[in-house]
Each structure stands twice: as C-alpha cells, then as structure tokens.
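Trainee: test case, fold it:
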Amino acid sequence: MREVDLHVHTTASDGTMSPAEVVRYAKEKGLRAIAITDHDTIEGLDEGIREGKVQKLEVIPGLELSVDYPKGTMHLLGYYIDPDCSQLVEKLMVVQKARSERNFKMLKKLQELGIEVGLSELKRVAGHGQIGRPHFAQIMVQKGYVNSFQEAFDHFLRKGGPAYVEKFKFSPEEAMRIIVEAGGVPVLAHPFTLNQLNKRELEELILELKEKGLEGIEVYYPDHTVQQREFYRYLAEKHGLFISGGSDFHGQTKEGVELGEGYGDIELPYSLVEELKAKRRARFMRA
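Mentor: Residues are numbered from 1 along each chain as shown. The predicted structure follows:
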C-alpha cells in the first residue's frame, strides 16, 4: 500500500513544485504522509507544514545534507528536525554562502566554454529557492546549448565535468551532530552512491557511522536493485537501524520518478512513519 514518501524535494532546493504544490499532489495521490527533505535548506518547511494542515496530510520536517566522502557521494537525511533551531540555521547559512560562491565559479567555467548563462536567468528559474545545477541545465536546454537535462549533466555539469565545481560539505560526524542537535533522526540516503567495493566494506562503514550517531538507512529508493534493497534491509535489521525509503521526487527534473512510487516499484506503508516516531521517542527517553 502506497501511503508515505520519506524523500521529497521542492522548489526550496532543486525540485520543480513548490512545497504547497507537493503537499497537494501527495494528497491527490492518496498518500498519508511525506517528508520534505530539500538539499541543505529548511526554507520550504513552513509552507509545506501549513499546507499539510489544510490538506490533512502529515508533513515531516526534514532536510538532506551533503556529506564529505571522497570514495563516493554521501547524503544524510534528517527527519523531524526543528526549523527554529539556531545552531541549524547558522550552519545552513554557511552552506548557502558557499553555494553562492560555487554558482559564480560554475558560471565562469560555462562562459569559458562558450555557454552564456546569466545569474539573473538562474534567479528567474529558481524563483524563491536556492540555485542548483538543475537550474543551470534548465537554462542550457532553453537556450539550445543541449537537448536535455541529462545531456547538460553528462557533458558539462556532472561531477568531474568541465563546468563542475565541488560543493561545500560537512564531515559525516558534523552532519549527524547538526541533525541530532536540531532534534532530528539521521538516516543514510541511497547507499549505492557510496561506491563501496564490497558488502564487507559497506557494513564496516555503516558500523562506523552508527557509532557517530547514524540511526537509519534508506533501503527503498528508485535506483536500488532488488539485491541492494535486500542487503540494505539486512544491514538495517542486523544493526538495529531504522528502515527508510522514498522516491527522491524532484518533479520534472527527474524524469520517470513519481511521488510515492519512484519508477512504480516503491510501496511504503504508514508503519514506517510510526517506527520513525518510535525511534525518536526512544532517543528522548534515553536522554
């Protein structure tokens, strides 16, 4: 039964639907709860939570932090974070400043490649949200430099590409501390992007992260194979970690990925939310 989606993006970061639009869409699709987990920002939470009350749909306040991990890409999801936490706000301001500097560097690289993308254009397509690589890609498509978002990333914007600039990232320890200090539950997002060479290495990494505060693993994700899902679930159950899942919905920028179902094979029950709440309560009882 498709009832929840614990990995959703909005225009506050790099999605194409506003927080209110995402909530209304989730309601139309019959979901009971979603987690808004925008990249390195909490700007969309107030709007999403307000609309959730109107629609009678549960909106879990969250975010997705980029984490420094040289071997691959590591992201941490934070669930039930307090948007008013002053330490969280301060840390995210550091990220936003670094993101702004990164965007200027990427603009310069594109210009050197003969691709004219202006800051005003980026602000226009980003609206009130933060500027990210999908907005660069959108303008490149609109101006005819490439034929698709995928082509923009493959030839220019991907990691290691000629217009790519590395972004600011927290260490795993700091990212989890930021989430926990804001009252949140830290969960490892889409483990396949870590590029671990074998199962033993991945399990060792999970144990290291658990010692530093990790409380869950995103088992259900559109790009996980059946074998990966089974192994991630095994690791979560073996080590007492919360089992999470979501579509990583971005709207039009992730073709074929649908809210609440991914590529059609994700089906998450509301019991996941209940388990997440229990995990959070247990932590406060230990404190």
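
Trainee: so what's Gly251 closest to, chain neighbours aside?
Mentor: Excluding the flanking residues, the one nearest Gly251 by C-beta to C-beta, 6 or more residues apart in numbering is Thr16, at 3.2 Å. Bear in mind the C-beta positions are built from the backbone N, C-alpha and C, glycine included.

Trainee: next one: Gln228
Mentor: With C-beta to C-beta, 6+ apart, the residue lying closest to Gln228 is Phe192, at 5.7 Å.

Trainee: cool, and Gly213?
Mentor: Closest residue to Gly213 apart from its sequence neighbours, by C-beta to C-beta, 6+ apart: Met176 at 3.9 Å.

Trainee: hmm, Pro186 and the one you found touching each other?
Mentor: Yes: with contact defined as C-beta atoms under 8 Å, Met176 reaches Pro186; the gap is 4.5 Å.

Trainee: common neighbours of the two, please.
Mentor: Leu76, Gly213, Leu214 (C-beta atoms under 8 Å, 6 or more residues apart in numbering).

Trainee: quick check, nearest of those residues to Pro222?
Mentor: Comparing the shared contacts of Met176 and Pro186 against Pro222 with C-beta to C-beta picks out Leu76 as the nearest, at 18.5 Å.

Trainee: can I get the host helix or strand of that closest one in PDB, CA atoms only?
Mentor: Leu76 is part of strand 74-79 when elements are defined by DSSP states H and E. These are the backbone C-alpha positions of strand 74-79, laid out as PDB (Å, rounded to 0.1, in the frame of the first residue of the first chain):
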ATOM      1  CA  MET A  74      27.200  10.600   0.700                       C
ATOM      2  CA  HIS A  75      24.000  12.300   1.700                       C
ATOM      3  CA  LEU A  76      22.300  12.200   5.100                       C
ATOM      4  CA  LEU A  77      18.500  12.700   5.600                       C
ATOM      5  CA  GLY A  78      17.400  14.300   8.800                       C
ATOM      6  CA  TYR A  79      13.800  13.600   9.900                       C
END
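
Trainee: return the list of strands paired to it, each annotated with direction.
Mentor: Using DSSP bridges, strand 74-79 pairs in its sheet with strand 58-67 (antiparallel), strand 185-188 (antiparallel).

Trainee: contacts for the last one?
Mentor: Just to be clear, that refers to strand 185-188. Outside of strand 185-188, the residues within contact range by C-beta under 8 Å, 6+ apart are 74-80, 175-176, 179-180, 206, 209, 213-218, 242, 244, 276, 279-280, 283.

Trainee: buried residues in stretch 122-142?
Mentor: If you call a residue buried by 16 or more other C-beta atoms under 10 Å, then stretch 122-142 has these buried ones: 122, 125-126, 129-141.

Trainee: from the chain's centre, how far out does the strand or helix carrying Leu202 sit?
Mentor: Assigned by DSSP H and E, Leu202 belongs to helix 199-211. Between the mean C-alpha point of helix 199-211 and the mean C-alpha point of its chain there is a distance of 21 Å (C-alpha atoms, centre = their mean, to the nearest Å).

Trainee: relative to helix 199-211, how tilted is the helix or strand following that helix?
Mentor: Per DSSP H and E, helix 199-211 leads on to strand 216-220 as the next helix or strand towards the C-terminus. Taking axes from the mean of the first three to the mean of the last three C-alpha atoms, to 10 degrees, one finds that strand 216-220 is oriented at 130 degrees with respect to helix 199-211.

Trainee: just the CA trace of strand 216-220, in PDB.
Mentor: As requested, the backbone C-alpha atoms of strand 216-220 are provided in PDB (Å, rounded to 0.1, in the frame of the first residue of the first chain):
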ATOM      1  CA  GLY A 216      18.700   4.600   9.900                       C
ATOM      2  CA  ILE A 217      19.300   3.500   6.300                       C
ATOM      3  CA  GLU A 218      17.300   4.400   3.200                       C
ATOM      4  CA  VAL A 219      16.500   0.900   1.900                       C
ATOM      5  CA  TYR A 220      13.800   1.700  -0.600                       C
END
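
Trainee: all set, thanks.
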